[in-house]
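A.B. asks: Build me a structure from this.
(one chain, ligands or ions: 2)
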Amino acid sequence: MQSNLWDDLWINCQLFTMEHDLSFIKNAAIAVKEGKIAWLGAVSDLPGSPESLAAIIHDVKEKCITPGLIDCHTHLVYAGNRYHEFALRLQGASYETIAQAGGGIQFTVAKTRAASDEELFFQSIKRAEALVKEGVTTLEIKSGYGLDLASELKMLRVAKRIGEVLPVDVTLTFLGAHALPPEYKNKPDEYIELVCHEILPVLAAENLVDAVDIFCERIAFDLAQAERVFKTAKEFNLKIKCHAEQLSDSGAAQLAAQYGAVSVDHLEFLSEDGVMALAKANTVAVLLPGAFYFLREEKLPPIDLLRQYKVPMAIATDCNPGTSPVTSLLLMLNMACTLFKLTPEEALLGVTKHAAQALGLEKTCGTLAVGKVADFVVWDVEHPMELVYNIGLNPMISVIKNGKQS
Ligand code: DI6
Ligand code: FE
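C.D. replies: Ligands and ions are numbered 1, 2, ... in the order given. Predicted coordinates:
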């Protein structure tokens, strides 16, 4: 009796596994057992009739299946918004000027600190829902609008709760070193001390942190401060990420790579030496076209060099109230091509295989392969390149998370 070899079997699929480039399998089937991918290949190679192999059969009638999408860089837990700053910037004020005048991140910190757990949760979950509706099955959420122990805890608990109520895995990144809180004005080293020795140990003990990030920039923290954060992250055995070379070339990407960062993010001002350091450390370059667009930046990240040195490139929304109020990863696919000149294949790998690597999750998700988590999406498209090409259309038919269709 073979009837329950697998739990579920999807048949008649155009399967794009993303293992090596798009890795297309025509007339394919994909089987799930206990939330994992148990088999995939051509329908003609199935070891029996579909009905004899699985309890439930899903005929997708030649639709496309890709891995679940991964948004590997978001700040989507925050309170309030910053439309007033958007208006100021349209009149000519720069992001840096607004930040230096006490607006920017500080504005959102005040709102986030003042919000109750429930307010913060209900304001934030809407953004996560929008991503999930587009096929996102893994989502990174950063803290960094609390900047004190109680508020960073609140943010990360809300982020974790989002992963408990939606069909999405949430990974938690501690970005305590995002900006200097008002009570530490002119005392950045003391604040970094607090981040490393007061806040991080508590978050780690509460299992609320997978990775540590820092905003390394002339309006935020310097290289020496970044190094202290990276050293502490290593002591706690946490992954390292870094907001680097967004507004200037500080050498932060190189430093993060030396500490084995899983990713460095933004990178408009990344130098060739920086690119070489990423290649050497196998650090992913996370590109954020939403922030580039919304700030009307002009300097492009060094895409040709990243290609030349074979640095994996990921794409993410950077969902945040100041520089990228974006809740569409599909739109980022298009912008990565139109603004950054990625190929559609590179963009698609950037929200699947390479996004998984940017979170250190490449062994479990990001591509479709036997043994990996059964996270995938059925799309009403002829080819996944349509996901990149269309703007504002959501062709998702269904999303399968841990083998369960929702
Ligand atoms: N870089 C960004 O683009 C965001 N954070 C960061 O380090 C901006 C966050 C904000 O303006 O609220
Ligand atoms: Fe960011």
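
A.B. asks: buried sites along stretch 53-62?
C.D. replies: For stretch 53-62, burial by neighbour count (16 or more other Cβ atoms under 10 Å) applies to 53-54, 57-58, 60. Any C-beta I mention is one placed from the backbone N, CA and C, and that applies to glycine too.

A.B. asks: which residues touch that stretch?
C.D. replies: 2-14, 31, 46-47, 50-51, 378, 397, 405 (Cβ atoms under 8 Å, 6 or more residues apart in numbering).

A.B. asks: Might you calculate how far it sits from the centre of the chain?
C.D. replies: 31 Å (Cα atoms, centre = their mean, to the nearest Å).

A.B. asks: what about that stretch, average pLDDT?
C.D. replies: Averaging pLDDT along stretch 53-62 gives 97.

A.B. asks: Now, of the contacts of stretch 53-62, which are buried?
C.D. replies: The buried subset of these (16+ other Cβ under 10 Å) comprises 5-14, 31, 46, 50, 378, 397, 405.

A.B. asks: In the stretch 1-150 of the chain, where is pLDDT below threshold?
C.D. replies: Residues of the stretch 1-150 of the chain that meet the criterion pLDDT under 70 lie in 1-3.

A.B. asks: farthest-separated two in the buried ones among the contacts of stretch 53-62?
C.D. replies: Leu5 and Ile397 (25.5 Å; Cβ to Cβ).

A.B. asks: and stretch 275-286, how far apart are its ends?
C.D. replies: 12 Å (Cα to Cα, to the nearest Å).

A.B. asks: now stretch 70-84
C.D. replies: End-to-end for stretch 70-84, by Cα to Cα: 30 Å.

A.B. asks: May I see the buried residues of that stretch?
C.D. replies: 70-80, 82.

A.B. asks: ditto for stretch 306-318
C.D. replies: In stretch 306-318, counting by 16+ other Cβ under 10 Å, buried: 306, 309, 311-318.

A.B. asks: and the closest residue to Ala130 other than its chain neighbours, what pLDDT?
C.D. replies: In this structure, Ala130 finds its nearest non-sequential neighbour in Thr327, 3.9 Å apart by Cβ to Cβ, 6 or more residues apart in numbering. For Thr327, the pLDDT comes out at 98.

A.B. asks: ok so Thr327 is a helix residue?
C.D. replies: No. Assessed with DSSP: H, G, I helix; E, B strand; the rest coil, Thr327 is coil; it does not lie in a helix.

A.B. asks: surely it meets Leu131?
C.D. replies: Yes. Counting by Cβ atoms under 8 Å, Leu131 is a contact partner of Thr327 at 5.9 Å.

A.B. asks: Can you check which residues contact both of these two?
C.D. replies: 76, 317, 319.

A.B. asks: Regarding the first one, what is its secondary structure?
C.D. replies: Of the three states, Leu76 takes coil under three-state DSSP.

A.B. asks: Please give me every residue in contact with it.
C.D. replies: 124, 127-128, 131, 139, 141, 319-320, 327.

A.B. asks: closest to ligand 1 among the residues you listed?
C.D. replies: In terms of Cβ to the nearest ligand atom, no member of the contacts of Leu76 lies closer to ligand 1 than Asn320, at 4.3 Å.

A.B. asks: With distance to Ala179 as extra columns, can I get the shared contacts of Thr327 and Leu131 in JSON lines?
C.D. replies: Listed next are these as JSON lines, based on distance: Cβ to Cβ, whole Å:
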{"residue": "Leu76", "distance to Ala179": "17"}
{"residue": "Thr317", "distance to Ala179": "20"}
{"residue": "Cys319", "distance to Ala179": "17"}
